[in-house]
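**Student:** Sequence isn't available, so here's the structure alone:
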RNA sequence: GGAGGAGUGGCAGAGCUGGUUUAAUGCACCGGUCUUGAAAACCGACGUACCUUAACGGGUACCGGGGGUUCGAAUCCCUCCUCCUCCGCCA
């Protein structure tokens, strides 16, 4: 959620930013409407406060009159206050309505994109920020996609998952399961080395948390909802971990806050079916290690660079061909100011698979969460929040299986062998 | 799931038979006096949000959340949430 003060002070820049983000032309008037409603709110508040001040004053006098036994005078004042109260009640009711409308409009405005975000409408327009410098691996026509390799080596079973739950819920087994566990431990250890505190968060979150990071109301249909208890299955560890500090006023000295956590992630992925979603390419449940940072506004972009370097180091250690994209205005998420995606090359499918998304949300999430900090002068400011996948497992597994297939079996990268405790899957 | 108890400012903790509470008091934190320096002692300041003001300041709301009674609610009523104790169930 954008800050009202910011909107008032930067209206033109915001309108330009919203256009970059492909915000609907016909909805741009929301910005003016927000300012208008805020004006109404202020003016009504002023009137209302004055009325309440008078009512409070009279009530005190009534108390004094009762004590001194002047019943008749007290009664006449009581009537006067009763009249005042009618107006106050009406005023409070309209103020409430204005505030609700204002809040609704503010929630409808996406974050303003960083100046470096390229214009564009779709993923086609994303900027290749760092390309894979070498030749892409060519495994020839005999290369098998990961779902065929899985069957050959008995690594995971989608049909069994479908029998137990439904399509898109993979069941891993044998060395496939061990590979998952090895990757989780590897990623967590690497995050720890980079200074992130490990968190095991709840996997179901309440409405406040989902709103705090921006999943509600924008992406309601994408989360599984346990309606009996009104809890949401997390689509990413970003939600519970970022919300750890919701509603807090931090001390500046607490920065940087660096957290990481492994969780399964649940996504309904409603409506996405087709040729590109086979195997592990797109599933309803997958495992992910997430890194989250809460930062001083002046240091958040340096933090973003660090996070990119961290994710890049993981892919290097796994010896996977990768590239980094800077997402264009049309592809960047509602809440993000700047996002870099990491993609690995799947040599058997001959396509790039997204395995990480690293974003700076600036104050967008923290304003929703009222996550602030005090500076040296004890002034309060909104903090910046960032997060990134480091990394998302299902597609990493797909890439590893495909790229490392040989006639003898699937070779495990050296960095991962201490974790799998086997060097080859055959 | 059942019964009972409790949620007050960073922490502890009064108030809870409604009106000198503009929330006592202690601790912590901050500023000052004293001191070579520190401690102690003493003095002062010390919550959040919003409105208003050029500023000093003034005002409104907030005692877990929401609603109600009343001229007036931390205090009474309803409801929800959370925590504690006991019972039941359970990995």
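**Tutor:** It's in. Here the structure is a predicted model, which is why all the values come from computation and not from measurement.

**Student:** Report the distance from stretch A:346-365 to the chain centre.
**Tutor:** Taking Cα atoms, centre = their mean, to the nearest Å, one finds the center of stretch A:346-365 at 13 Å from the center of the full chain.

**Student:** before we move on, what about stretch A:32-41?
**Tutor:** The answer for stretch A:32-41 is 28 Å, by Cα atoms, centre = their mean.

**Student:** ok, is the strand or helix carrying residue A:90 in contact with RNA strand B or not?
**Tutor:** Here residue A:90, judged by DSSP states H and E, is contained in helix A:71-108. Yes - for helix A:71-108 and RNA strand B, the contact criterion (Cβ under 7 Å from any atom of the strand) is met by A:78, A:81, A:82, A:85. Where you see a C-beta, it was placed from the backbone N, CA and C, and this is true even at glycine.

**Student:** Next, the buried residues of that helix.
**Tutor:** A:74, A:81, A:88, A:91, A:95, A:98, A:102, A:105, A:106, A:107 (16 or more other Cβ atoms under 10 Å).

**Student:** So what touches the next helix or strand after that helix?
**Tutor:** Per DSSP H and E, the first helix or strand lying C-terminal to helix A:71-108 is strand A:127-130. For strand A:127-130, contacts defined as Cβ atoms under 8 Å, 6 or more residues apart in numbering pick out A:118, A:323, A:324, A:325, A:326, A:328, A:340.

**Student:** For whatever helix or strand comes next after strand A:127-130, which helices and strands make contact with it?
**Tutor:** The first helix or strand that comes after strand A:127-130 along the chain, using DSSP H and E, is helix A:146-153. Helices and strands touching helix A:146-153, by 3 or more Cβ pairs under 8 Å, 6 or more residues apart in numbering; DSSP states H and E, are helix A:175-193, helix A:393-403, strand A:409-411.

**Student:** out of those, nearest to RNA strand B?
**Tutor:** helix A:175-193 (20.1 Å; Cβ to the nearest atom of the strand).

**Student:** how about that closest one: buried residues?
**Tutor:** A:175-176, A:178-180, A:182-188, A:190-191.

**Student:** Let's test this: mean pLDDT of it, rounded?
**Tutor:** In this model, helix A:175-193 has a mean pLDDT of 97.

**Student:** Need the per-residue pLDDT for the closest residue to residue A:392 other than its chain neighbours.
**Tutor:** Nearest residue to residue A:392 in three dimensions, chain neighbours excluded: residue A:288, at 4.5 Å (Cβ to Cβ, 6 or more residues apart in numbering). On pLDDT, residue A:288 comes in at 97.

**Student:** pretty sure residue A:237 contacts residue A:259?
**Tutor:** No - at 9.1 Å, residue A:237 does not count as touching residue A:259 under the criterion of Cβ atoms under 8 Å.

**Student:** Residue A:182 contacts residue A:422, doesn't it?
**Tutor:** No - applying Cβ under 8 Å as the test, residue A:182 and residue A:422 come out as separate, 9.1 Å apart.

**Student:** For stretch A:251-263, what is the distance to the chain centroid?
**Tutor:** Its chain's C-alpha centre and that of stretch A:251-263 lie 15 Å apart, by Cα atoms, centre = their mean.

**Student:** Kindly report the same for stretch A:232-241.
**Tutor:** The answer for stretch A:232-241 is 8 Å, by Cα atoms, centre = their mean.
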